[in-house]
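In: Provided below are the primary sequence and the corresponding predicted coordinates.
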Amino acid sequence: MIARVWRHPWVRHLRLPFNLLLSPVFLWGAWLGGGVDDPLRVAVAYLSLHLFLYGGTNALNSYYDRDDGPIGGMLRPPPVDRGLLAWAWGVQLAGAPLAAWVGMPFLAVWVALLFVATAYSHPRWRWKSHPSAAVAAVALGQGGLGALAGAWAVADRGRGWGVLAELARPELLSGLAVAAVVIVGLYVVSQVYQTRDDRLRGDRTWPVLLGPAAALRWATLVSGVGGALLLALLGRAVGWWSVAPLALLLALLGAAQLAWAAHFDEDDVEGNFRRAMAVVGTGGVGLTLFLLVVLLR
């Protein structure tokens, strides 16, 4: 029964395993907010975001795009039917009570993310078809707001709207900016295998405009800047030797992207999908494990 539900097209379009790769953004925010002192509240906040909100927005994106080629987390997405739209909105709205339970500031960030994600995909706005708007949406949404959600999941501590004062703290603001830069680099990597489909659909993504190989090099530069800033913030707080393994991981991922760009074959869609998922997956898992160690130490 569970296996049958898991294989249902609507459930598959939530792309839940792929959503786990966004965990470092939330955990980074939790670290910026001062660390975890109420595990239950943090767990509920995490589920409301990664299961319900991100899952629902993925399904919404699938409904509007109707891809028959690889998308983030799925090599062969199932067909889209009319019921997927109601399912996508139902899943998103089901997470709202959980977000409200965490706290009103967290709910405000959650709702802001909902609006950004909707404008990203909805045909009326479709920010994803405009390169600058798409990067801004990803940087603000999954980057800045995603990290802020993690920060306010732990920083509330009964203060309610008083947590807004945190936005004047330079460490928090610089940390949110780092999250935005890193996520933009990963976002471009996750687009390169869709270059042909995006070009046919009329979406002006960075890989379409620059060419996928040049876009990969650009993404490596952006990720490198974001990674260096992240290491600088962490190194000052937990010690430079402590961040050495993370620095090595980021350097290896950058080298892998540059090697991929040097031999990029746009016709090898499946191979490019697997390379992109390997880069994003390795980076996501590595950052998640590192940040969990930092939060639990």
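Out: Noted; the coordinates are in hand. Numbering: from 1, shown residues only.
In: so which residues make contact with the host helix or strand of L253?
Out: Taking DSSP states H and E as the criterion, L253 maps to helix 244-262. For helix 244-262, contacts defined as Cβ atoms under 8 Å, 6 or more residues apart in numbering pick out 189, 212-214, 216-217, 219-220, 223-224, 227, 231, 234, 275, 278-279, 282-283, 286-287, 290. C-betas here are computed from N, CA, C, even on glycine.
In: recalculate using a threshold of 6 Å.
Out: A213, L216, R217, T220, G224, G227, L231, R275, V279, G283, G286, F290 (Cβ atoms under 6 Å, 6 or more residues apart in numbering).
In: and if you look at stretch 66-74?
Out: Here stretch 66-74 has contacts from R15, F18, P77, V80, S190, Y193, D197, F273, using Cβ under 6 Å, 6+ apart.
In: 8 Å - rerun?
Out: With Cβ under 8 Å, 6+ apart as the test, stretch 66-74 has contacts from 12, 15, 17-19, 58, 61-62, 65, 76-77, 79-80, 190, 193-194, 196-197, 269-270, 273, 277.
In: what about that stretch, start to end distance?
Out: Stretch 66-74 has an end-to-end distance of 13 Å (Cα to Cα, to the nearest Å).
In: how about A215: what's its closest non-neighbour residue?
Out: P207 (4.1 Å; Cβ to Cβ, 6 or more residues apart in numbering).
In: give me the pLDDT value at that neighbour.
Out: At P207, the pLDDT value in this model is 92.
In: check which helix or strand covers it.
Out: helix 206-210.
In: and that helix, what does it pack onto?
Out: Helices and strands touching helix 206-210, by 3 or more Cβ pairs under 8 Å, 6 or more residues apart in numbering; DSSP states H and E, are helix 131-138, helix 195-201, helix 212-238.
In: again, only this time at 7 Å
Out: Contacts defined by 3 or more Cβ pairs under 7 Å, 6 or more residues apart in numbering; DSSP states H and E place helix 206-210 against helix 195-201, helix 212-238.
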